[in-house]
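Q: pasting a predicted model and its sequence here:
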Amino acid sequence: MSTLGGDAVGVLDRMTCILEAFDGDDRGMGISELALRAGLPKSTVSRLVATLVRQRYLERDGKLIHLGLRLFELGQLAEQPRELRIAALPVMADLRNQTGENVHLAIRDGSEVVCIAVMRGRSAGPSTVRTGGRLPLHATAHGKAVLAHDSPSGIDDVLSGPLAPWTPQTITDPAALRRQLVGIRGGGLAVEAGEFATGVSCTAIPVFAPGGRLAGAVSVSGYQDDLDADRVAQALRAAALTLARRLAALRAPSD
Amino acid sequence: MRSALTGEPVSVLDRILAILDTVRESHGATTITQLALATGIPKSTVSRLVGDLVRRRYLMRTDDGVTIGLRLFELGSRASTPRRLTAAALPVLAELYNATGEHLNVAVQEGRDMLSVISVRGRLRPVPSRAGVRVPSATTALGKAVLAFTVDERVLCSVITGLDSSRRHALEKELDAVRTESVAIDRCETFPGVVGVASPVLSPERLPLAAISVAGPVADMDPKRIAPLVRHAALALTHRLALQVA
């Protein structure tokens, strides 16, 4: 029993190492590079890859291996991002058109947030995260927006943990962060000034589902020098209200 | 090794993938009991594997079972084919949407189905498809556009199996026409009241990579007017994909 259990964990961890070896830039890899990146013996990797290709979790293009269509199909079925995305995409498009900046939607996942939708602005700076990418709670506007609405013990857990400095501007003092979180919880916007990527600033607002449950956070970001804070704040507040109304309508029996 | 007797998946990896595949077939949400029934794996083993999958965020527990977890969403958004197609197709879809205002899809072949990779909502409600959803190859315009250029006998057989001889004959004749016209039409065969027009996106070797479709209400969408627009969009996408590779 215990050996079988141990084996399952081993196989699942090896599968995870292989799948997570592929980063966001869609560069195919040969078996040798994949083994190196996954930190596994080449023979193990070839065996697992053969099964994963057969089941379309991976795709083979000549010698190169890519993440496959089955993962896309499974990912599209994920309930939580799907509902929020459906409600949010038109609101995000408006927000992008009004501000000309990048608009991101993210949800909480444990000690990080996951970006579930991106709309790039016309005049916008670099987008610092893509769909499916993860962001730290303490160093991003999204993270602070969702963390502020966590329970007191949940906030304590994060603030007492390591607060990694992503840039020289990252706030790593728990007391200073806590003051910001209190302000956000009181209805303020979550602001990040070059704390995650130098020169890029971001403002986020939490989004609530019916019943007051926190659904995620939506943000506007751009080059620190260009961002018109007042206009962005006004547009974000309006967007959060519209989005909450759309989420409520999705849940209603008919619309 | 009990597989010869019971047909259940033997290796741990096969069991894990069988569980994930069953969650997919249940449209993303199911229960431990259903998983055990569908996979033939003993319930106690299913329970333990699901626990492992939940801890690693492949699955997520709900009030009455399990659903897809965020790790699969993250990995899925990095998958190669949808990303390349999306990058190449967005400007083409924007133009096609401006010209038609109808529901658009770009889909790829998955077994005997077409899997939508990008979906743009038009005036058609309720929407019969969205990204990540499968529609049958045998009846949809998307499916027929790709089948006409499919050389894989196994795929053709799996689609044709289950059709009676008159429908099989009709489909073969239709595929012949698609090969010359580069346009396939679904006249309410899949969804009542919905007509679809699709054109294939081919590789330089003329193998089907994907198809692009326009779907609208049968009452006032004229397939003849739409056909050249779809054909043009598919050609544009074919060119953009070829440029991406080069």
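A: Arrived safely. Numbers count the residues shown, from 1 in each chain, chains lettered A, B, ... in the order given.

Q: please, where are all the strands along the stretch 1-150 of chain A?
A: In the stretch 1-150 of chain A, the strands defined using DSSP state E, counting those that start in this stretch lie at A:58-61, A:64-67, A:102-109, A:112-119, A:134-136.

Q: so which of those is nearest residue B:239?
A: strand A:58-61 (20.0 Å; C-beta to C-beta). C-beta coordinates here come from the backbone N, C-alpha and C atoms, glycine included.

Q: closest to residue B:238 out of the strands of the stretch 1-150 of chain A?
A: strand A:58-61 (17.9 Å).

Q: from the chain's centroid, how far away is the closest one?
A: 26 Å (C-alpha atoms, centre = their mean, to the nearest Å).

Q: rewinding a little: to residue B:51, which of the strands of the stretch 1-150 of chain A lies closest?
A: It's strand A:102-109; of the strands of the stretch 1-150 of chain A, that one is closest to residue B:51 (C-beta to C-beta) at 18.3 Å.

Q: state the helix or strand in which residue B:20 lies.
A: Per DSSP states H and E, residue B:20 falls inside helix B:12-25.

Q: out of everything not next to it in sequence, what's closest to residue A:242?
A: Of all residues not flanking residue A:242 in the chain, residue A:91 sits nearest, at 5.2 Å (C-beta to C-beta, 6 or more residues apart in numbering or on different chains).

Q: show me the contacts for that neighbour.
A: Shown in contact with residue A:91 (C-beta atoms under 8 Å, 6 or more residues apart in numbering or on different chains): A:218, A:239, A:242-243, A:246.

Q: go again with 6 Å.
A: Counting by C-beta atoms under 6 Å, 6 or more residues apart in numbering or on different chains, residue A:91 touches A:239, A:242-243.

Q: neighbour-wise, give me the winner out of these.
A: residue A:243 (25 neighbours; other C-beta atoms under 10 Å in any protein chain shown).

Q: OK, contacts around residue B:99?
A: Residues counted as contacts of residue B:99 (C-beta under 6 Å, 6+ apart) are residue B:229.

Q: which stretches of chain B form helices?
A: All helices of chain B, identified by DSSP state H, fall at B:3-6, B:12-25, B:32-39, B:43-55, B:70-76, B:80-100, B:141-147, B:153-160, B:165-181, B:223-245.

Q: Serialize these to TSV and add fields for mean pLDDT.
A: Formatted as TSV, the helices of chain B follow (pLDDT from 0 to 100):
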stretch	mean pLDDT
helix B:3-6	49
helix B:12-25	94
helix B:32-39	94
helix B:43-55	95
helix B:70-76	93
helix B:80-100	92
helix B:141-147	97
helix B:153-160	89
helix B:165-181	93
helix B:223-245	93
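
Q: report the central residue of chain A.
A: residue A:114 (1.9 Å; C-alpha atoms, centre = their mean).

Q: the residue of the stretch 51-200 of chain A found nearest chain B: what's it in contact with?
A: Per C-beta to the nearest C-beta, residue A:75 is where the stretch 51-200 of chain A lies closest to chain B, at 2.0 Å. With contacts defined as C-beta under 6 Å, 6+ apart, the neighbours of residue A:75 are B:72-73, B:76.

Q: most neighbours among those residues, which one?
A: Within the contacts of residue A:75, residue B:72 tops the neighbour count with 29 neighbours, counted by other C-beta under 10 Å.

Q: residues in contact with it?
A: Here residue B:72 is in contact with A:74-75, B:58 (C-beta under 6 Å, 6+ apart).

Q: and what of residue B:244?
A: Residue B:244 neighbours (C-beta under 6 Å, 6+ apart): residue B:88.

Q: against chain A, how distant is it?
A: Distance of residue B:244 to chain A, given as C-beta to the nearest C-beta, to the nearest Å: 11 Å.

Q: ok, now residue B:210?
A: 11 Å.

Q: any idea how far residue B:174 is from the nearest residue in space to that residue that is not next to it in sequence?
A: Excluding its sequence neighbours, the residue lying closest to residue B:210 (C-beta to C-beta, 6+ apart) is residue B:201, at 4.4 Å. Between residue B:201 and residue B:174 the computed distance is 19 Å (C-beta to C-beta, to the nearest Å).

Q: again with residue B:66
A: Taking C-beta to C-beta, one finds residue B:66 at 41 Å from residue B:174.

Q: how about the residues of chain A by chain B?
A: A:7-9, A:11-12, A:16, A:19, A:22, A:24, A:26, A:51, A:55, A:66-67, A:69, A:71-79, A:81, A:109, A:114, A:131-132 (C-beta under 6 Å from any C-beta of the partner chain).

Q: could you pick out the buried ones from these?
A: The neighbour-count criterion (16 or more other C-beta atoms under 10 Å in any protein chain shown) marks A:8, A:11-12, A:16, A:19, A:22, A:51, A:55, A:66-67, A:69, A:71-79, A:81, A:109, A:114, A:131-132 among those as buried.

Q: name whatever forms a beta bridge with residue A:136.
A: Here residue A:136 sits in beta bridges with residue A:112, as judged by DSSP bridges.

Q: the residue nearest to residue B:210 against residue B:237, yeah?
A: Yes. Here residue B:201 reaches residue B:237: they are 5.0 Å apart, a contact under C-beta atoms under 6 Å.

Q: interface residues of chain B facing chain A?
A: Applying C-beta under 6 Å from any C-beta, we find that chain B lies next to chain A at B:12-13, B:17, B:24, B:28, B:49, B:52, B:56, B:67-68, B:70, B:72-83, B:131-132.

Q: for stretch B:54-67, buried residues please.
A: With burial defined by 16+ other C-beta under 10 Å, the residues of stretch B:54-67 counted as buried are B:57-60, B:65-67.

Q: next: stretch A:181-201.
A: Buried-residue list, stretch A:181-201, by 16+ other C-beta under 10 Å: A:181, A:184, A:188-197, A:200-201.

Q: in CSV, list those residues along with distance to residue A:208 and secondary structure.
A: Formatted as CSV, those follow (distance: C-beta to C-beta, whole Å; DSSP: H, G, I helix; E, B strand; the rest coil):
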residue, distance to residue A:208, secondary structure
A:181, 17, helix
A:184, 13, helix
A:188, 15, coil
A:189, 14, coil
A:190, 14, strand
A:191, 19, strand
A:192, 21, strand
A:193, 25, strand
A:194, 28, coil
A:195, 24, coil
A:196, 24, coil
A:197, 27, coil
A:200, 26, strand
A:201, 24, strand
